[in-house]
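Participant: Build me a model:
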Amino acid sequence: MKAVQVHCPFCNAAQAPRADGKNVCDFCLQPFTLVDATREEARLLEEIKDWLQQKVGAAGLAPGSVDVSSRSYIFQQRILPELRRDVNRSLEVVGGFGQVALVTPPTGGVRREPNPLVDARREILGLKALRARLSSESVYSFAVAPSDRALIDLMDHRISEVMHLSNVADAAARGNPLGYSSARKNIEALLHELNEALASSVGAERSQLSFLAATQKRYRALCELCRLSEEASGTQRISGAPLCVRIDEIKATLQEAATEIESSGHSPADAMPLVLGVNQEIAAATVFARWLTAYDTLASRVDIAFLDFIADIGPLLGSAGGELGADFLEAAGLAVRALRRETVVGVIGDFGWVDSWVENTRAKRLLGLFGAEETVHALEKFLLPVWVAEVTFSKAAGAVFKAGVEGSGLAVVDACAPSSAKVMIITDKAQPLAQAVLSERPLPSSHVAMPRSTAALVEPLILQALQARPDLLNPQVQMKGMAFAASAVVELRSTKGSREVASCAAGQIAVDAASREQVHAMQRLVERLG
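Facilitator: Numbering: from 1, shown residues only. The predicted model follows:
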């Protein structure tokens, strides 16, 4: 029995053919037939033969026609210079690829950096002809000396590495199980080549050995990240928590690899871009874990796969993805948990002021004769999520505090559309509004707007508002969490047109009428995810 292999006509990778003839390359994911593979292999062999004939002549290709000394001379003077030139030129196409993350986990809306390994995909796949020349027995036969063969092996390794890395980046970017499986196979092939390089590097410099060992550690971590991403992107519901534990282990290994690459003493021009790339992989894994945690929180009541969750949540996040999307999901998770009564929160739940506010807001005819009479076309009551922060400051001389006396209070701002101008500062915690925010209880049954900001985004806005108050010196901000305040949006119509007006906590907290849209967004989220 003899194992049969075919070479992919796109990347020249060897693999076993499928019995049904419908082959898909395990490494570059391109479909092909055996006829395609056979035709391309024959073309490459003919191309190599023509190239060698130009170098040594037709007579030089005949077995035994050239002695050992002549073959060594031909290799050094005619073959090696052109191989070295072609390899160097081909690698210029993908210069700077080391600083880009190789594996991108399946987190929706992740901003993808320009990646030469993907952008120059066509040119990289075209390197198959050069690699076929480097691995050709006809060419290899002219490399008589062990040092010459080592040079060919080194050049072949460089081209092979770029082709595999391009396959990794392209396959992982697909964000599906097949893509992550293919990416992992390419990394495993790179690991195999690294193992061989380490095994044959007797007498190599210590810096080179340390660099290769650290790269090996990185590839092992990326194999596990691919395996984990493959599991997460399947069609079945998953549990994010166990995957997050594995992600922490992957991040720790990648951090070790980055540290060892940097301290290896290897050429900084080669090492430092890889450190940047590994740091990007750590950041991507961190965001991945945060999305998985949000998935566990938001989708705990429905049977939905992770990729379907991403597809459903994407339109609600708009252009926010990656780290910012994870921030928004965490904020939305706080609101959803409160809505499900899984946690207690601060609530300003009194809607008793709404009717009188509407009546005072709508325009009326003067003396019953002049002007336009507005009527209520629609009224929506809901709970507005607000960010709450503990604030401390020194109070300048005034009626409440004497100069130099430390004070504390609360800052409250709309979580749907925050700005420094909207921040409400409460310098007396005994105020009823402050007491309501601080008295945590289960959220009453009501419509809730979806928060469109994060605590990290709001904190500098609160600080900016405090700094704008000349009577509050040396302000400090400590974010406390999210509370909910009774709000209303009324649509008023008259012969002059229509307008929308919003109010929160009887006008005490600034709110936009656009927050009404976030009520509908939260309704869609709850309908889909329970």
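
Participant: next one: the longest helix anywhere in the chain to chain centre, how far?
Facilitator: With secondary structure taken from DSSP state H, the chain has its longest helix at helix 268-298. From the chain centre to the centre of helix 268-298 is a distance of 7 Å (Cα atoms, centre = their mean, to the nearest Å).

Participant: Output the contacting helices and strands for it.
Facilitator: helix 206-232, helix 240-262, helix 306-317, helix 322-339 (3 or more Cβ pairs under 8 Å, 6 or more residues apart in numbering; DSSP states H and E). (Each C-beta comes from the backbone N, C-alpha and C, glycine too.)

Participant: Dump those helices into CSV; add distance to A16 as well.
Facilitator: Formatted as CSV, the helices and strands packed on helix 268-298 follow (distance: least, Cβ to Cβ, whole Å):
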stretch, distance to A16
helix 206-232, 21
helix 240-262, 30
helix 306-317, 30
helix 322-339, 38
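
Participant: Which among the ones you listed is found nearest to A468?
Facilitator: helix 322-339 (25.0 Å; Cβ to Cβ).

Participant: quick check: mean pLDDT across the closest one?
Facilitator: Helix 322-339 shows a mean pLDDT of 85.

Participant: Repeat that for stretch 27-39.
Facilitator: Per-residue scores along stretch 27-39 average to 90.

Participant: for it, which positions count as buried?
Facilitator: Buried positions in stretch 27-39, judged by neighbour count with 16 or more other Cβ atoms under 10 Å: 27-30, 32, 36-37.

Participant: got the contact list for that stretch?
Facilitator: 6-11, 13, 15, 17, 21-25, 125, 164, 167, 170-171, 174, 178-179, 182, 185-186, 189 (Cβ atoms under 8 Å, 6 or more residues apart in numbering).

Participant: Which of these fall within strands?
Facilitator: 6-7, 15, 23-24 (DSSP state E).

Participant: In which helix or strand does P81 reside?
Facilitator: helix 80-92 (DSSP states H and E).

Participant: L463: which of the helices and strands packed on helix 268-298 is closest?
Facilitator: Closest approach to L463 among these is made by helix 322-339 (18.1 Å; Cβ to Cβ).

Participant: export that closest one as CSV, just CAs?
Facilitator: What follows is helix 322-339, C-alpha atoms only, in CSV (Å, rounded to 0.1, in the frame of the first residue of the first chain):
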residue,chain,number,x,y,z
GLY,A,322,-14.6,45.0,19.5
GLU,A,323,-13.6,46.7,22.8
LEU,A,324,-16.2,49.5,22.6
GLY,A,325,-18.9,46.9,21.7
ALA,A,326,-17.9,44.9,24.8
ASP,A,327,-18.2,48.1,26.9
PHE,A,328,-21.7,48.7,25.6
LEU,A,329,-22.7,45.0,26.1
GLU,A,330,-21.6,45.2,29.7
ALA,A,331,-23.7,48.3,30.3
ALA,A,332,-26.7,46.7,28.5
GLY,A,333,-26.1,43.6,30.7
LEU,A,334,-26.5,45.7,33.8
ALA,A,335,-29.8,47.1,32.5
VAL,A,336,-31.0,43.6,31.5
ARG,A,337,-30.1,42.1,34.8
ALA,A,338,-32.0,44.9,36.6
LEU,A,339,-35.0,44.4,34.3
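
Participant: Mind checking what helix or strand follows it in sequence?
Facilitator: Helix 322-339 is succeeded, C-terminally, by strand 345-348 (DSSP H and E).

Participant: Report the distance from that following strand to the chain centre.
Facilitator: The answer for strand 345-348 is 34 Å, by Cα atoms, centre = their mean.

Participant: Report the buried residues of the helix or strand that comes right after it.
Facilitator: Using DSSP H and E, the helix or strand that follows strand 345-348 in sequence is helix 354-361. Within helix 354-361, the residues scored as buried using 16+ other Cβ under 10 Å are 354, 357-358, 361.

Participant: One more: stretch 340-359?
Facilitator: In stretch 340-359, counting by 16+ other Cβ under 10 Å, buried: 345-348, 351, 354, 357-358.

Participant: Which of the buried residues of stretch 27-39 fall within helices?
Facilitator: Members of those lying in helices (criterion: DSSP H): 36-37.

Participant: of the buried residues of stretch 27-39, closest to A232?
Facilitator: L29 (19.2 Å).

Participant: From Y180, how far out is the closest one?
Facilitator: 11 Å (Cβ to Cβ, to the nearest Å).

Participant: and Q476, how many residues sit next to it?
Facilitator: Neighbourhood size, Q476 [other Cβ atoms under 10 Å]: 13.

Participant: what does the model give it for pLDDT?
Facilitator: pLDDT, read off for Q476, is 92.

Participant: Next: the one 3 residues further on.
Facilitator: Per-residue confidence at M479 stands at 93 (pLDDT).

Participant: Would you enumerate the residues in contact with it?
Facilitator: M479 neighbours (Cβ under 8 Å, 6+ apart): 387-389, 455, 458-459.

Participant: Which members of the residues you listed are classed as buried?
Facilitator: Using 16+ other Cβ under 10 Å, the buried members of the contacts of M479 are 387-389, 455, 458-459.

Participant: and of those, the nearest to A132?
Facilitator: Distances from A132 to the buried ones among the contacts of M479, taken by Cβ to Cβ, are shortest for A455, at 56.4 Å.

Participant: Nearest spatial neighbour of the closest one, chain-adjacent residues omitted?
Facilitator: M479 (4.5 Å; Cβ to Cβ, 6 or more residues apart in numbering).

Participant: before we move on, what about I425?
Facilitator: Going by Cβ to Cβ, 6+ apart, I425 has A411 as its nearest residue, at 5.4 Å.

Participant: gap between that neighbour and A257?
Facilitator: Counting by Cβ to Cβ, the gap from A411 to A257 is 43 Å.

Participant: How about L191?
Facilitator: From L191 to A257 the distance is 13 Å (Cβ to Cβ).
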